[in-house]
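Engineer: curious how this folds, go ahead:
(chains A and B)
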Amino acid sequence: MKKPLKDVLRDACERAIKGGELVSTTLPPLFLSVPKEAEHGDLASNVAMALARGERRPPRAVAETIVRHILDPAKILAEVTIAGPGFINFRFAPSYWWRCLADCERAGETYGHSRVGEGARVQIEFVSANPTGPLHVGHARGAVTGDAIARLLSATGHAVEREYYVNDAGNQMEMLGASTYARYMELCGRPVPFPDEGYHGDYVRDVAGAIRAAEGDRWADTDADAARAYMRDRAGAMLLDAIRDDLTTLAIGFDAYVSERKLREDGAVDATLDALDARGVVYDADGARWFRSTEFGDDKDRPLVKSGGEFTYFGADVAYHRDKLARGFDRIIDVWGADHHGHIPRMKAALTALGLDAARLEVLLVQVVSLTRAGVPVRMGKRSGSFVTLREVVEEVGADATRFFLLMRKSDAQLEFDLDLAKQRTTENPVFYVQYGHARVASVFRQATAAGVAGDAVGAADPSRLVETEELALIRVLAQFPETVEQAALEREPHRVVFYLMQLAGDFHRYYNRTRILGEDRELTRARLLLAANVQKVIRVGLRLLGISAPDTM
RNA sequence: GCGCCAGUAGCUCAGUUGGAUAGAGCAACGGCCUUCUAAGCCGUAGGUCAGGGGUUCGAAUCCCCUCUGGCGCGCCA
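Structural biologist: Model (predicted):
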């Protein structure tokens, strides 16, 4: 919607400069905004105010000069006015909106998609939870956010790969093995002490039970270390499978699962350590090996190898990120829990130290989710093992509502998720409100078909029959969809799409309530069906970008 | 103590390079179904944008200080 007008405006400014009526030689970035007040038109520019200082003239006078040079070869404008402190307000001609509707119709299910990404290879890594237990709600937010951003990036012409980094090595896994072993032995009637920092969740017992069901008591008589190692691997594999299943219920999949253990076994971690060492940023102290990250802006040096000889999590993670960049992505995006924000400087420092371009790594922080039930907080605590799992939430409120609610807020802001609200099938629940908009149009079309109207190639209807203010306003909202998608993708902010859909659904419900779509006038009916069909389509495409279904009946 | 993020209507939150009279949903109050799904719509009310200073034609937005909340500052991951 903005682009054609931006061209007209730029053209006018340049002509004014060429004619010597503006002394500025460069233009500020042309920025068109949608005014809050309808009387201010469809789009407004503040360019005159931005230029006024350099011109040494009042903004309104600068605006007059620019307006005088506006040509409108395509006849898209109905009105151009100067208002307030120096805004130039534009109002589009109805014919422009009719053209927008036709464009929308023609674009089909790819309306809103674009090529701004120019085929850039982007990798997005998300979830990456340790396979030591089921996913909880916090993981779910990262999962849904990463997935939605991946969908947005694909729709805007990026070549996207989704990756899950499996932390299947290290201390936590050993703890899982020991915990599972202890539960297993318990079930065999030969209890051993439960590890101090072990995993207390009931799922460990379930996993141990499943192993025992498949293999009997034979591990009870095996060497304890060997048994623990076996339990670690079996439990890890089973829990990773469970995680995949959980993600599948949320319509989330990955192109690759990369194993930390494999990375270690392949020598990638050693090689990375050597590479850092070769650059002279590694030193030994207190029996450990340290990375001199303070030289690269971190506030502390960080250990890469523990005094026991094991790599730290950080050490392995540096190797993983080096590997990702080596795979040739133009950009790698990490979705992290906000409690990891302190890790960004050290990771960037390590990449810089390795001679890599740290700017290619982008870290998105996802803040915590607090669950409530009718306003009452649901207690969560991982340590106690009583956290609320992703599965429980999805089973209670459904995948669509889970995704919608987790995407309603900017990802770096804390989010309150009211389970009672999410499962309500009433007007208060925004996800049903939006989906209902889609279903409602489907219902109108069922009626239209019964009346023998829908068969008349609605796509070929004449948009110029749509003359009501509300109809043109609705088309305007449709016309804003492509730039909403683009912005959401480039800013990595899926919540913009959520808000857009709530607005579109609201505008449509309002229109529906006042205006009868199926009427006596056949041509008008067809034009309104065209409009309704495109509203429905944009809701559908928008929901698809969020990974949410668009039902025809509710 | 240092660092990061936040503080906008009773509640949950939007607010696009700094722009016009700060918005939405819910909750509250009052209306609308013989007509395409009332799972909807219309109206009313609701504000010291945490507080104070600064920058400028203009600040919720940028800078500084204070207060409040969350998180981080492990040879845990």
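Engineer: which stretches in the stretch 301-450 of chain A count as strands?
Structural biologist: The residue ranges that make up the strands of the stretch 301-450 of chain A, judged by DSSP state E, counting those that start in this stretch, are A:302-305, A:331-337, A:361-366, A:369-373, A:376-377, A:415-418.
Engineer: so what strands line up beside the fourth one?
Structural biologist: If I follow you right, that is strand A:369-373. With DSSP bridges as the test, strand A:369-373 is paired with strand A:376-377 (antiparallel), strand A:415-418 (parallel).
Engineer: buried residues in stretch A:75-93?
Structural biologist: Neighbour-count burial for stretch A:75-93, counted by 16 or more other CB atoms under 10 Å, picks out A:76-77, A:80, A:82-83, A:86-93. Yep, even glycine has a C-beta here, placed from its N, CA and C like the rest.
Engineer: next, name the residue at the spatial heart of chain A.
Structural biologist: Central residue check for chain A by CA atoms, centre = their mean: the C-alpha nearest the mean position is that of A:Ile149, 3.1 Å away.
Engineer: without its sequence neighbours, what residue ends up closest to that one?
Structural biologist: Leaving aside its chain neighbours, A:Ile149 sits nearest to A:Arg492 (5.2 Å; criterion: CB to CB, 6 or more residues apart in numbering).
Engineer: over to A:Ser443?
Structural biologist: With CB to CB, 6+ apart as the measure, A:Thr553 is the residue that lies nearest to A:Ser443, at 7.4 Å, once sequence neighbours are left out.
Engineer: the one you found: which element?
Structural biologist: Here A:Thr553 is covered by no helix or strand, with elements defined by DSSP states H and E.
Engineer: quick check: the residue nearest to the centre of chain A vs A:Ala226, distance?
Structural biologist: Counting by CB to CB, to the nearest Å, the separation of A:Ile149 from A:Ala226 is 43 Å.
Engineer: contact partners for the residue nearest to A:Ser443?
Structural biologist: Shown in contact with A:Thr553 (CB atoms under 8 Å, 6 or more residues apart in numbering): A:Ala439, A:Ala442, A:Ser443.
Engineer: on that earlier part again, and the residue nearest to the centre of chain A, how far from RNA strand B?
Structural biologist: As defined by CB to the nearest atom of the strand, to the nearest Å, A:Ile149 lies at a distance of 15 Å from RNA strand B.
Engineer: do the same with A:Arg57
Structural biologist: Taken as CB to the nearest atom of the strand, the spacing of A:Arg57 relative to RNA strand B amounts to 12 Å.
Engineer: tell me, how many residues neighbour that residue?
Structural biologist: Residue neighbour count, defined by other CB atoms under 10 Å, stands at 17 for A:Arg57.
Engineer: helix, strand, or coil at it?
Structural biologist: The three-state label given to A:Arg57 by DSSP: H, G, I helix; E, B strand; the rest coil is coil.
Engineer: any chance of the backbone angles for it?
Structural biologist: When read as degrees, to the nearest 10, the backbone of A:Arg57 gives phi -140, psi 160.
Engineer: what's the pLDDT at it?
Structural biologist: On pLDDT, A:Arg57 comes in at 86.
Engineer: A:Asp217 is in contact with A:Cys188, correct?
Structural biologist: Yes. A:Cys188 sits in contact with A:Asp217 when judged by CB atoms under 8 Å, with a separation of 4.8 Å.
Engineer: between these two, who's got more neighbours?
Structural biologist: The residue with more neighbours, out of A:Cys188 and A:Asp217, is A:Cys188; 17 against 13, by other CB under 10 Å.
Engineer: would you mind naming what in the stretch 201-350 of chain A lies close to RNA strand B?
Structural biologist: By the criterion of CB under 7 Å from any atom of the strand, the positions of the stretch 201-350 of chain A lying close to RNA strand B are A:285-288, A:299-300, A:303, A:306-308, A:310, A:312-314, A:338-343.
Engineer: which among those end up buried?
Structural biologist: Buried residues within those, defined by neighbour count using 16+ other CB under 10 Å: A:Ala288, A:Pro303, A:Thr312, A:Tyr313, A:Phe314, A:Ala338, A:His343.
Engineer: on that earlier part again, quick one: closest of the strands paired with strand A:369-373 to A:Ser293.
Structural biologist: Nearest of the strands paired with strand A:369-373 to A:Ser293, taken as CB to CB: strand A:415-418 at 31.7 Å.
Engineer: distance from that closest one to the middle of the chain?
Structural biologist: With CA atoms, centre = their mean, to the nearest Å as the basis, the distance from the averaged C-alpha position of strand A:415-418 to the chain average is 17 Å.
Engineer: could I get the CA-only coordinates of it as PDB?
Structural biologist: Written as PDB, here are the backbone C-alpha positions of strand A:415-418 (Å, rounded to 0.1, in the frame of the first residue of the first chain):
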ATOM      1  CA  LEU A 415       3.900 -13.100  29.000                       C
ATOM      2  CA  GLU A 416       0.900 -14.100  31.100                       C
ATOM      3  CA  PHE A 417      -1.000 -17.100  29.700                       C
ATOM      4  CA  ASP A 418      -4.400 -17.600  31.100                       C
END
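Engineer: residues in contact with it: which ones?
Structural biologist: The set of residues that contact strand A:415-418 without belonging to it, under CB under 8 Å, 6+ apart, is A:137, A:141, A:367-375, A:393, A:405-406, A:408-409.
Engineer: count residues in the vicinity of A:Ala413, would you?
Structural biologist: Here the neighbour count serves as a burial measure; for A:Ala413 (other CB under 10 Å) it reads 10.
Engineer: contacting residues for it?
Structural biologist: Taking CB under 8 Å, 6+ apart as the test, what A:Ala413 contacts is A:Gln367.
Engineer: show me what the one helix or strand A:Val485 maps to is packed up against.
Structural biologist: For A:Val485, the enclosing helix or strand under DSSP H and E is helix A:469-490. Secondary structure elements in contact with helix A:469-490, counted by 3 or more CB pairs under 8 Å, 6 or more residues apart in numbering; DSSP states H and E, are helix A:94-107, helix A:137-155, helix A:495-514, helix A:522-546.
Engineer: the shortest one vs helix A:469-490, what angle?
Structural biologist: Translated: helix A:94-107. Relative orientation of helix A:94-107 and helix A:469-490, computed by axes from the mean of the first three to the mean of the last three CA atoms, to 10 degrees: 50 degrees.
Engineer: quick one: average confidence on helix A:94-107?
Structural biologist: If you average the pLDDT values across helix A:94-107, you get 95.
Engineer: helix or strand right after it?
Structural biologist: Going down the chain from helix A:94-107, the next helix or strand is strand A:121-125, by DSSP H and E.
Engineer: buried residues in that following strand?
Structural biologist: Taking 16+ other CB under 10 Å as the neighbour-count basis, strand A:121-125 is seen to contain the buried residues A:Val122, A:Gln123, A:Ile124, A:Glu125.
Engineer: tell me the spacing between the first one and A:Arg327.
Structural biologist: Spelled out, it's A:Val122. With distances taken as CB to CB, A:Val122 is found 12 Å from A:Arg327.
Engineer: contacts only, for A:Tyr257.
Structural biologist: With contacts taken as CB under 8 Å, 6+ apart, A:Tyr257 has the following neighbours: A:Glu163, A:Tyr164, A:Val166, A:Leu240.
Engineer: distance from the chain centre to stretch A:293-305, please.
Structural biologist: For stretch A:293-305, the distance between its averaged C-alpha position and the chain's averaged C-alpha position is 31 Å (CA atoms, centre = their mean).
Engineer: and if you look at stretch A:520-538?
Structural biologist: Here stretch A:520-538 is found 32 Å from its chain centre; the criterion is CA atoms, centre = their mean.
Engineer: so for it, what's the average pLDDT?
Structural biologist: Stretch A:520-538 shows a mean pLDDT of 94.
Engineer: and that stretch, anywhere near RNA strand B?
Structural biologist: No. Among the residues of stretch A:520-538, none lie within reach of RNA strand B under CB under 7 Å from any atom of the strand; the closest is 8.1 Å away.
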